[in-house]
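Participant: using only what follows, build the 3D model:
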Amino acid sequence: MAEKFNFEPGDFFSKEINSQIKEGEIAARIFAQHCDLYEASDIEGNNILLSFSGKLKKEITNPALKPIVGDWVIAYADGNINRIKKVLPRISVVKRIWKEKREQILAVNCSLILIANSADKTFSISRLKKYAALAENSGLPYEIILTKKDLSLNSDDIVKNTEFEFKKTPFLINCLDESDAKKLFSALKPKETSLLLGPSGCGKSTLINTLCSDYIMKTSAVREKDFKGRHTTTVRRIVPIPNGHFITDIPGIKLIEESVPDSIGIFSLIEEIALKCRFSDCRHDSEPGCAVKEAVEKGEISAQIYDSWIKHLKKGG
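Facilitator: The predicted structure is shown next:
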């Protein structure tokens, strides 16, 4: 825990802390999560370890209410570790519908969402729409970051298409280029926290490393045969940026779910995958080399969405 955080609670959390904290207790913000063990920074900027109190574990019956990266909490010392006594109310929640229609909280207490997507041959407007819908459903503004411009053969067209669809100019960058990456500073306000979203392998960890001059995030090279970067982030964490901003980094979202209506691209995403099937007349049932069935088996498409899409095809959709 070598990072130095200087979280400022602001008016809302200052009032919550002052009204709920008792003598000897600690107010802190969680910046990293490892299962039920948390790293946090207290009001004075000291890094501390946190765990659940037995009482809080019993009180929390809804997983969505468990402490998560970005939460402000009240804790107390218990030997060599601090126990979380209470999670303070959240000012924003980014969530999606997960397996079996369960809510999954992605991040809390953010003021901006950064949507990263590769500008190489894997670029997809429909995928961008999925993430944009996630941001809009959370009530938060968003910025679009088109990465890997060094691998793009038609970046001008991609930028124009993105501007047309979203009515905003995206950031087009090479994540390895420091001057490119720091263009984002214009959107990243000091003392505020954003959430960085995007599919695995689009360069999120590389971008954070470059912004922070080779911070600590592990990265993986792009596979030349399919232009896919390997997934690297395995834990949620907040990263302090040199200009005083904080970025929440989470594992890449892979599963296509019904949290986003099809009208903005769910079936379109599956149709893109279907283009990779071995046979052009593939029925996506039991044929060998079916890319769609393979995606279902890997968990990249939920069985529920797959069944809905098959019904859609049979109806002549």
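Participant: rounded mean pLDDT for the strand or helix carrying L313, please.
Facilitator: Using DSSP states H and E, L313 sits within helix 303-314. Across helix 303-314, pLDDT averages out at 74.
Participant: now do stretch 170-189
Facilitator: 93.
Participant: so what touches that stretch?
Facilitator: 111-112, 114, 119, 143-150, 155, 158-159, 162-163, 194, 203, 206-207, 210-211, 213, 241, 243, 245, 247 (CB atoms under 8 Å, 6 or more residues apart in numbering). (Each C-beta comes from the backbone N, C-alpha and C, glycine too.)
Participant: quickly find the element holding S205.
Facilitator: With DSSP H and E as the test, S205 turns up in helix 204-211.
Participant: now for that helix, which elements pack on it?
Facilitator: helix 178-181, strand 193-197, strand 246-249 (3 or more CB pairs under 8 Å, 6 or more residues apart in numbering; DSSP states H and E).
Participant: got the ones you listed as CSV, with mean neighbour count and distance to S138 columns?
Facilitator: Shown next, in CSV, are those (neighbours: other CB atoms under 10 Å; distance: least, CB to CB, whole Å):
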stretch, mean neighbour count, distance to S138
helix 178-181, 15, 25
strand 193-197, 25, 9
strand 246-249, 24, 13
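Participant: circling back: what about the contacts of stretch 170-189, which are in strands?
Facilitator: Cross-referencing these against strands under DSSP state E gives 112, 114, 143-147, 194, 247.
Participant: of these, which one scores lowest on pLDDT?
Facilitator: Minimum pLDDT across those falls on T147, with 92.
Participant: quickly list what that one is bridged to.
Facilitator: S118 (DSSP bridges).
Participant: what sits against it?
Facilitator: 116-119, 173-175, 198, 202-203, 207.
Participant: I'd like those residues laid out as CSV, including distance to N137.
Facilitator: Below are those laid out as CSV (distance: CB to CB, whole Å):
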residue, distance to N137
A116, 18
N117, 18
S118, 23
A119, 25
I173, 26
N174, 31
C175, 27
G198, 17
C202, 21
G203, 25
L207, 24
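Participant: greatest separation within these: which pair is it?
Facilitator: Distance extremes for these: the farthest pair is N174 and G198 at 15.4 Å, using CB to CB.
Participant: among those two, which residue is more densely surrounded?
Facilitator: Taking other CB atoms under 10 Å, N174 and G198 do not tie; G198 has more neighbours (23 against 20).
Participant: can I assume the more buried one is in contact with T122?
Facilitator: No - G198 lies out of contact with T122 (CB atoms under 8 Å); the separation is 11.5 Å.
Participant: how far does stretch 67-75 sit from its chain's centre?
Facilitator: Using CA atoms, centre = their mean, to the nearest Å, the mean C-alpha position of stretch 67-75 is found 18 Å from that of the whole chain.
Participant: now do stretch 36-51
Facilitator: 22 Å.
Participant: same question for stretch 288-301.
Facilitator: Using CA atoms, centre = their mean, the offset of stretch 288-301 from its chain centre is 23 Å.
Participant: burial count for Y306?
Facilitator: Neighbour tally, Y306, other CB under 10 Å: 17.
Participant: from what I can see it touches E294, true?
Facilitator: No - here Y306 lies out of contact with E294, judged by CB under 8 Å, at a distance of 11.3 Å.
Participant: can I get the CA coordinates of stretch 111-128 in PDB?
Facilitator: Provided in PDB are the C-alpha atoms of stretch 111-128 (Å, rounded to 0.1, in the frame of the first residue of the first chain):
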ATOM      1  CA  SER A 111     -19.100  11.500 -10.900                       C
ATOM      2  CA  LEU A 112     -18.000  10.400 -14.400                       C
ATOM      3  CA  ILE A 113     -17.700   7.300 -16.500                       C
ATOM      4  CA  LEU A 114     -14.900   6.800 -19.000                       C
ATOM      5  CA  ILE A 115     -15.700   4.300 -21.800                       C
ATOM      6  CA  ALA A 116     -12.700   2.800 -23.500                       C
ATOM      7  CA  ASN A 117     -12.900   0.900 -26.700                       C
ATOM      8  CA  SER A 118     -10.200  -0.100 -29.200                       C
ATOM      9  CA  ALA A 119     -10.100   1.800 -32.500                       C
ATOM     10  CA  ASP A 120      -8.500  -1.200 -34.300                       C
ATOM     11  CA  LYS A 121     -10.500  -3.800 -36.400                       C
ATOM     12  CA  THR A 122     -12.400  -4.900 -33.300                       C
ATOM     13  CA  PHE A 123     -14.100  -1.500 -33.000                       C
ATOM     14  CA  SER A 124     -17.900  -1.800 -32.500                       C
ATOM     15  CA  ILE A 125     -20.400   1.100 -32.300                       C
ATOM     16  CA  SER A 126     -23.000  -1.300 -30.800                       C
ATOM     17  CA  ARG A 127     -20.600  -2.200 -28.000                       C
ATOM     18  CA  LEU A 128     -20.000   1.400 -27.300                       C
END
